[in-house]
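1. Return a 3D structure for these sequence lines:
(one chain, ligands or ions: 2)
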Amino acid sequence: MPANRRRYAVGLMSGTSVDGIDAAVVEIAGEGDRPSVRLLAFENSAYPESVRNEIFELFDPRLATIDRVGRMNVRLGELYADAALSVIAKAGLDSKEIAVVGSHGQTIYHAPEAYPENGRDLRYTVQIGEGSVIAARTGIPCVSDFRAADMAAGGQGAPLVPFTEWLLYREDERTLLLQNIGGIGNMTVLPAGCLPDEVFAFDTGPGNMIIDGVVSRLYGGGRKMDAGGQIARSGTVDEELLRLLQQEEYYELPLPKSTGRERFGAAYVDRLLAYREQHGLRSKDVVATVTKLTAWSIGDAYRRFVQPRHAADALIVGGGGSYNPTLVAFLKQEMEPMGVQVLLQEDIGLNSDAKEAVAFALLADYALAGLPNNLPSVTGARRAAVLGKISY
Ligand SMILES: Nc1ncnc2c1ncn2[C@@H]1O[C@H](COP(=O)(O)OP(=O)(O)OP(=O)(O)O)[C@@H](O)[C@H]1O
Ligand SMILES: CC(=O)N[C@H]1[C@@H]2OC[C@@H](O2)[C@@H](O)[C@@H]1O[C@H](C)C(=O)O
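-> Ligands and ions are numbered 1, 2, ... in the order given. Below you'll find the model as predicted:
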């Protein structure tokens, strides 16, 4: 491929919050370990309510029968194709001008721990949203199902975004922390001037998951989030509850580690609300406390796992949590006394919402060129591998 060839790519992402499809069109220039990416258009489309509800059912292996999974696989393929065509039009481009679509798909099951069988370690992960349907409807080659190849090389198949963070964000002079606050919070550490094998990444704990869970249970009207952090801002942090929540063992677990709904989902919120009943706490104080906890867990992770090795200069926040100013204010209180500046993707001219979709456009660009696109130091894979299956 000629050096410095400019090309357009589409990235599609559907995350653990199951809120819908993020679609981005990017222009990629440059090759190898210094590409550059420019966001041309971004669009988020919510899943139809029936699709969202059925996806939650498919998280339960007993309900995820083969016919339901098969049907949802192609149904999502159609929705992803629509999202791709719509964002391409928004960018003012024609499908023929797009080199590749990278589609993460919807994770419905993730089993990253190896289980031995006949002397081999087996691990698996299931992302649905058929790439062949996307390719057929758009006429553009589609790369999908990225995680399987990392697992086949002995990795956990996640996280995959840090490879693109290393490509796009690393600096020679500054050590950067990239903090995603989605359902779960995850941090990527890019030491100044780092080589790929010096990058590390892990889940810090809850992102918006507890806040969303508490708000949807305590406030009516179908509220799913603390929009703009308004409830937390009007409440007061309950120090006793905060100290109790800080005892959760996850925060102390050594690296590498990752977490999910199993730990911070519905059962966790049930226990929290039982405590609120017993102690007669106000709803808004509970929301303020869990918002503070989320910010604290990020600071705590930095103190425990990063500071002993690297002094960071800045923490750059992405994901939906960026749009909760109370959470961001708590995060500043946590990090700035340690000399770590807190910035949003927007502060550096990027877009918090689009970040993961952009990442999958870039991962697909590498896959189509046959270039490795995982970070073994992050996923635990035995070697670098080309992740993604191509549908022409
Ligand atoms: N305006 C807003 N005010 C407050 N919170 C917001 C706002 N917009 C988004 N959020 C929070 O961000 C969440 C969605 O974040 P995001 O889309 O990054 O998650 P995701 O990609 O599904 O998760 P993951 O990265 O864990 O897969 C919402 O559930 C909500 O809690
Ligand atoms: C299996 C799966 O879908 N994992 C997600 C999830 O959501 C956040 C965190 O857990 C991260 O490990 C990953 O996604 C991002 C896109 C990643 O691979 O980098």
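2. you'd agree residue 373 is up against residue 381?
-> No - look at residue 373 against residue 381 with Cβ atoms under 8 Å: they stay out of range, at 11.3 Å. C-beta here means a position set from N, CA and C on the backbone, and glycine is covered the same way.
3. more neighbours, these two?
-> A side-by-side neighbour count of residue 373 and residue 381, using other Cβ atoms under 10 Å, places residue 373 first with 26 against 22.
4. any idea how far that one lies from residue 88?
-> 23 Å (Cβ to Cβ, to the nearest Å).
5. now do residue 390
-> 19 Å.
6. what does residue 37 give?
-> Taken as Cβ to Cβ, the span from residue 37 to residue 88 is 16 Å.
7. Please apply the same query to residue 272.
-> Per Cβ to Cβ, residue 272 is found 43 Å from residue 88.
8. does residue 288 really touch residue 237, like I thought?
-> Yes - shown here, residue 288 and residue 237 form a contact pair, counting by Cβ under 8 Å, at 5.1 Å.
9. Of these two, which one has the most company?
-> Ranked by neighbour count (other Cβ under 10 Å), residue 288 and residue 237 place residue 288 first, with 25 against 17.
10. wait, what's in contact with the more buried one?
-> 231, 232, 233, 234, 235, 236, 237, 238, 326 (Cβ atoms under 8 Å, 6 or more residues apart in numbering).
11. Would you mind giving both backbone torsions of it?
-> phi -60, psi -40 (degrees, to the nearest 10).
12. Grab the nearest non-local neighbour of it.
-> Of all residues not flanking residue 288 in the chain, residue 235 sits nearest, at 3.4 Å (Cβ to Cβ, 6 or more residues apart in numbering).
13. which residues touch the nearest residue to residue 313 once chain neighbours are set aside?
-> Leaving aside its sequence neighbours, residue 313 sits nearest to residue 174 (Cβ to Cβ, 6+ apart; 4.1 Å). Going by Cβ under 8 Å, 6+ apart, residue 174 touches 192, 313, 314.
14. give me the number of residues near whichever residue of the chain sits closest to ligand 1?
-> The chain approaches ligand 1 most closely through residue 320 (1.9 Å), counting by Cβ to the nearest ligand atom. Residue 320 has 20 neighbours, counted by other Cβ under 10 Å.
15. same thing with residue 16?
-> There are 16 residues near residue 16, going by other Cβ under 10 Å.
16. Am I right that it sits in a helix?
-> No - counting by DSSP: H, G, I helix; E, B strand; the rest coil, residue 16 falls outside a helix, being coil.
17. Next one: the closest residue to it other than its chain neighbours from ligand 2, what distance?
-> Spatial nearest neighbour of residue 16, excluding adjacent residues (Cβ to Cβ, 6+ apart): residue 183 at 4.0 Å. Distance, residue 183 to ligand 2, by Cβ to the nearest ligand atom, to the nearest Å: 6 Å.
18. Next: residue 118.
-> On the measure of Cβ to the nearest ligand atom, residue 118 and ligand 2 end up 26 Å apart.
19. Tell me how many other residues crowd the closest residue in space to residue 286 that isn't next to it in sequence.
-> Leaving out its chain neighbours, the residue that sits closest to residue 286 by Cβ to Cβ, 6+ apart is residue 276, at 5.4 Å. Using other Cβ under 10 Å, residue 276 has 20 other residues around it.
20. In which helix or strand does residue 276 reside?
-> helix 266-279 (DSSP states H and E).
21. ditto for residue 315
-> Using DSSP H and E, residue 315 sits within strand 314-318.
22. Centre of the chain to that strand, how far?
-> Offset of strand 314-318 from its chain centre (Cα atoms, centre = their mean, to the nearest Å): 14 Å.
23. from the middle of its chain, how far away would the helix or strand that comes right after that strand be?
-> Next helix or strand after strand 314-318 toward the C-terminus (DSSP H and E): helix 325-335. Put simply, helix 325-335 sits 20 Å off its chain's centre (Cα atoms, centre = their mean).
24. Ok, stretch 365-384 next?
-> Distance, centroid of stretch 365-384 to centroid of chain: 18 Å (Cα atoms, centre = their mean).
25. Also stretch 280-298?
-> 22 Å.
26. For the residue nearest to residue 313, give me phi and psi.
-> phi -110, psi 140.
27. next one: residue 229
-> phi 70, psi 20.
28. Could you count how many residues lie near it?
-> Neighbour tally, residue 229, other Cβ under 10 Å: 22.
29. What's the first helix or strand after the helix or strand where residue 150 lies?
-> Using DSSP H and E, residue 150 falls within helix 147-152. Following helix 147-152 in sequence order, the next helix or strand is helix 161-169 (DSSP H and E).
30. Contacts for whatever helix or strand comes next after that following helix, please.
-> The helix or strand immediately downstream of helix 161-169 is strand 176-181, counting by DSSP H and E. Contacts with strand 176-181, where a contact means Cβ under 8 Å, 6+ apart, come from 161-162, 165, 169-170, 185-190, 204, 207-208, 294, 298, 302, 306, 312-322, 327, 340, 355-356.
31. Selection in ChimeraX covering whichever of those residues are buried, please.
-> Buried subset of those, written as a ChimeraX selection, criterion 16 or more other Cβ atoms under 10 Å:
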select :161,162,165,169,170,185,186,187,188,189,190,204,207,208,294,298,302,306,312,314,315,316,317,318,319,320,321,322,327,340,355,356
